[in-house]
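> Can you look at this prediction? I've put the sequence above it.
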Amino acid sequence: MNWSVSLPVAIRVFIVGLLLPACFGSAQSTASVAPEKIRVATFNTSLYRDAAGELTTELTTGTSRQARHLAAILQTVRPDIVLLNEIDYQRDHAAVKRFVEDYLAKPSETSTVQGVLQPLAYPYFFAAPVNTGVDSGLDLDGDGKQHGLGDNFGFGRYAGQYGMAILSRFPIDESQVRTFQNMKWSDLPDALVPIDPDTNQPYYSTTAWQALRLSSKSHWDVPIRIGERTLHLLASHPTPPAFDGPEDRNGCRNHDEIRFWLDYLDPHRGSGLQDDSGAMVGLPPGAMFVIAGDLNADPQDGSGRSAAIRQLLAADRVQDTAPRSAGAAAAGIRLGGKNATHCGEHALDTARFSPRGVGNLRVDYVLPSSNLDVLGSGVFWPLDDDPRAAWLTATDHRLVWADLRW
């Protein structure tokens, strides 16, 4: 298979899948004829490993139990477009290719359901570098040392850990993709500067603050051509608002990584956001979009600064589809612990965390623009007595989807 595509260096979009004539024909037809509805999803797959290359080696065997369960979920829900969070990024995209070809593109025979799950083909995907594991060369965590895990632009043991990838049945307009991997946190208007409560001074030194990037992974605007129209997939995976100290530096960063999208949707504030090519322009009014990703923020529960996610859910250009599942509703009651103290509706949860810690939370989102019709939405979280519940061990997050119409 020839994977080479001639594209700009900063943007890498690859045609993937079994590139047979029928597949080419399908890809061409999606470019000219728009379906009546499209299903868009986000899924934190937890497909990361402790060392670079380990995931690719595991997936190459074709026998990864975790990958099989993830594939079974995707083959059941069958999204047309899906953002995968936490899938290791490599320059050659080997891990994504193996997952698409050796798991999604092959029928799944499982012991938990009757029959065979049909293959799922994605002719196109997008993946790009992220900040996880990228050494800043500075002392970002204040321990007096450089080059430690806490000194990377995004937490990671190696460059590309916890990466992102977009899989699509429709062509990606690679010439218009925008990434914000290198945007400085200090360049975000009204940035929430972490303050050391002991000194009442900024936690970061002036040098560190001016160098620190906003995105713990990246922010992407990926235009996807569906018939004669364009859908912008706005993808990100903000840092968890935890694993810090009383200065709450990760809580502040999570807040501002989410607030980035509010500025990007604002025609005035968006013009101050510089992408990796140097362009400074927000998303045009009237553009159709879906904000997708594991945003690591619950609007009502958890330890994060929830103002940004609440503002995003209430934004004029955004629709909150509020997807629910019976499995989440039952799990919140059954697991108890912190879940019993939550204010949010259990059925809205999208991730299962320790009941002794924060409990289950709503952190994964598919948020369409207000100029799209929402036909339905949901979370893949079966009840415990459903045979498919066995697949949920693959990741602590659940796939979230929404059906949309122009």
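Structure's in. What do you need? Numbering: from 1, shown residues only.
> And the nearest residue to residue 223 once chain neighbours are set aside, how far from residue 306?
Leaving aside its sequence neighbours, residue 223 sits nearest to residue 173 (CB to CB, 6 or more residues apart in numbering; 4.2 Å). Just so you know, the C-beta spots here come from the backbone N, C-alpha and C atoms, and that holds for glycine as well. Distance, residue 173 to residue 306, using CB to CB, to the nearest Å: 34 Å.
> what about those two, which has more around it?
When residue 173 and residue 306 are compared on other CB atoms under 10 Å, the one with more neighbours turns out to be residue 306, at 19 against 14.
> Just list the residues touching the more buried one, thanks.
By CB atoms under 8 Å, 6 or more residues apart in numbering, residue 306 lies in contact with 297-300.
> again, only using 10 Å
By CB atoms under 10 Å, 6 or more residues apart in numbering, residue 306 lies in contact with 241, 251, 254-255, 258, 297-300.
> same deal with residue 379?
Applying CB under 10 Å, 6+ apart to residue 379 gives the contacts 77, 323-328, 347-351, 362, 364, 366, 397-401.
> before we move on, the earlier item: separate out the buried members of the contacts of residue 306.
241, 251, 254-255, 258, 297-299 (16 or more other CB atoms under 10 Å).
> closest to residue 225 among those?
Ranked by distance to residue 225 (CB to CB), the buried ones among the contacts of residue 306 are led by residue 258 at 27.4 Å.
> How about the contacts made by that closest one?
Residue 258 makes contacts with 236, 238, 291, 293, 295-297, 304-312, 365, as judged by CB under 10 Å, 6+ apart.
> Please repeat the previous calculation with a cut-off of 6 Å.
Residues in contact with residue 258 (CB atoms under 6 Å, 6 or more residues apart in numbering) are 238, 295, 297, 308-309, 312.
> what pLDDT does it get?
The score at residue 258 is 98. That number is its pLDDT.
> Send me the strand or helix carrying it as CSV with only the CA atoms.
Assigned by DSSP states H and E, residue 258 belongs to helix 249-265. Extracted in CSV, the C-alpha atoms of helix 249-265 (Å, rounded to 0.1, in the frame of the first residue of the first chain):
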residue,chain,number,x,y,z
ARG,A,249,-1.8,25.6,37.5
ASN,A,250,-3.5,22.6,35.7
GLY,A,251,-6.9,23.8,36.8
CYS,A,252,-6.2,27.2,35.3
ARG,A,253,-4.8,25.7,32.1
ASN,A,254,-7.7,23.4,31.7
HIS,A,255,-10.1,26.4,32.1
ASP,A,256,-8.2,28.4,29.4
GLU,A,257,-7.8,25.5,27.0
ILE,A,258,-11.6,25.2,27.0
ARG,A,259,-12.1,29.0,26.9
PHE,A,260,-9.9,29.0,23.7
TRP,A,261,-12.9,27.7,21.8
LEU,A,262,-15.1,30.5,23.1
ASP,A,263,-12.6,33.1,21.8
TYR,A,264,-12.2,31.2,18.5
LEU,A,265,-15.9,31.4,17.9
